[in-house]
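J.: Build the 3D model from these lines:
(one chain, ligands or ions: 1)
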Amino acid sequence: MEEVLQVKEINKIYQGKVAFQALTNVSFSVEKGEFIGIMGPSGSGKTTLLNLISTIDKPTSGKVLINGQDPHQLKKERLAEFRRKELGFVFQDFNLLDTLTLEENIMLPLTLENVDPELIEEKVKTISKKLGIDAILTKRTYEVSGGQKQRTAIARAIIHQPKLLLADEPTGNLDSKASKDVMQTLQMINENDQTTMLMVTHDPYAASYCHRVIFIKDGKLYNEIYRGTDQKAFFQQIMDVLSMLGGDRDDFSTVRL
Ligand SMILES: Nc1ncnc2c1ncn2[C@@H]1O[C@H](COP(=O)(O)OP(=O)(O)OP(=O)(O)O)[C@@H](O)[C@H]1O
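T.: Residues are numbered from 1 along each chain as shown. Predicted coordinates:
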């Protein structure tokens, strides 16, 4: 099996007045086409882990390999290019540019790469149809719903066919209907395009769409569980691990299935 992401013996220590070890010996791999969820209580190290994988921050020791390549070894400009070409990002607050139309937002990664305008237009058309936003492409972000914004952000994140799609709380700002809609969109992309995905979430409902959920606690791997064919049963299993994990009750949203 082709491994798109390998996290090898990662340690992250934040230096400061008092040094703080945020991650300890974290190792796992993600195969091509897998959809992985990362969960854990507040402060357990999820964002730290995502920042190391997305190459925004460097591990203190250990390695991150994306398609066999260690991006942390790259020089600054090559690293920026690597991030633009190989990775896609979806954020909790959408990160769309309010001054642009949805269409302009979606095409941005290709505009930056100087791709032929005709090809860009074709790609935007195909993707926006697939994501059900083709009728609202000329609108600006303040004219559309949260779910539509997130679908636009997903379109932008996948238009350059990244090796790895990273999502940070993609349903964090959405109501339950829009969350379902966004998760079904991510699932469709994962299944149709074999896009490898890694999503950090507090939301057990969102996590129940993943093939596998990895739990971290106090910076260490705590457990991982695989989904069978039954999403409802998987949701319940996720809730069970979360209750064993402890943490603040408010860390995790309520039952929605
Ligand atoms: N730049 C930093 N300097 C020092 N400590 C940090 C820094 N960033 C995070 N930490 C600490 O590392 C630990 C892990 O933080 P992280 O943000 O990765 O947790 P998290 O699981 O994403 O939490 P949340 O769910 O609340 O976003 C926390 O104790 C946090 O205070």
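J.: Return the set of residues that bridge with residue 216.
T.: residue 221 (DSSP bridges).
J.: wait, doesn't it sit right on residue 45?
T.: Yes: counting by CB atoms under 8 Å, residue 45 is a contact partner of residue 216 at 5.5 Å. For the C-beta atoms, the positions are set from N, CA and C on the backbone; glycine is no exception.
J.: okay, and the common contacts of the two?
T.: With contacts defined as CB atoms under 8 Å, 6 or more residues apart in numbering, the residues shared by residue 216 and residue 45 are residue 26.
J.: so what's the residue positioned nearest the centre of the chain up against?
T.: For the chain, residue 167 is the residue whose C-alpha lies nearest the centre (CA atoms, centre = their mean; 1.7 Å). Shown in contact with residue 167 (CB under 8 Å, 6+ apart): 89-91, 186, 197-201.
J.: Now with 10 Å, please.
T.: 35, 37-38, 50, 88-92, 150, 153-154, 157, 182, 186, 197-201, 206 (CB atoms under 10 Å, 6 or more residues apart in numbering).
J.: And for the helix or strand encompassing residue 118, what's in contact with it?
T.: Taking DSSP states H and E as the criterion, residue 118 maps to helix 117-130. Residues from elsewhere that reach helix 117-130, judged by CB under 10 Å, 6+ apart: 102-111, 113-116, 133-137, 151-152, 154-156, 158-161, 185, 188-189, 192-193.
J.: Now that helix: average pLDDT?
T.: Confidence over helix 117-130 (mean pLDDT, whole number) is 95.
J.: If we go by neighbour counts, what in it is buried?
T.: Using 16 or more other CB atoms under 10 Å as the test for burial, helix 117-130 gives 120, 123-124, 127-128, 130.
J.: Likewise for stretch 211-220?
T.: 211-217, 219.
J.: Run through the residues that contact residue 211.
T.: 30-31, 33-37, 190, 197, 226-227, 234.
J.: Show me which of those residues are buried.
T.: 30, 33-37, 190, 197, 227, 234.
J.: can you pull the contacts of the residue in the stretch 51-200 of the chain that the ligand sits nearest to?
T.: Residue nearest to the ligand within the stretch 51-200 of the chain: residue 200 (7.0 Å; CB to the nearest ligand atom). Taking CB under 10 Å, 6+ apart as the criterion, residue 200 is in contact with 36-40, 46-47, 49-50, 53, 92, 166-170, 172, 206-207, 216.
J.: Quick check: bridge partners of it?
T.: Counting by DSSP bridges, residue 200 is bridged to residue 38, residue 168.
J.: And the pLDDT at it?
T.: Residue 200 is given a pLDDT of 97.
J.: for residue 249, same thing?
T.: 50.
J.: got it, and residue 253?
T.: pLDDT, read off for residue 253, is 51.
J.: try residue 112
T.: 83.
J.: hey, where'd the strands end up in the stretch 151-257 of the chain?
T.: Using DSSP state E, counting those that start in this stretch, the strands assigned to the stretch 151-257 of the chain run over residues 164-168, 196-200, 212-217, 220-226.
J.: Many thanks, we can stop here.
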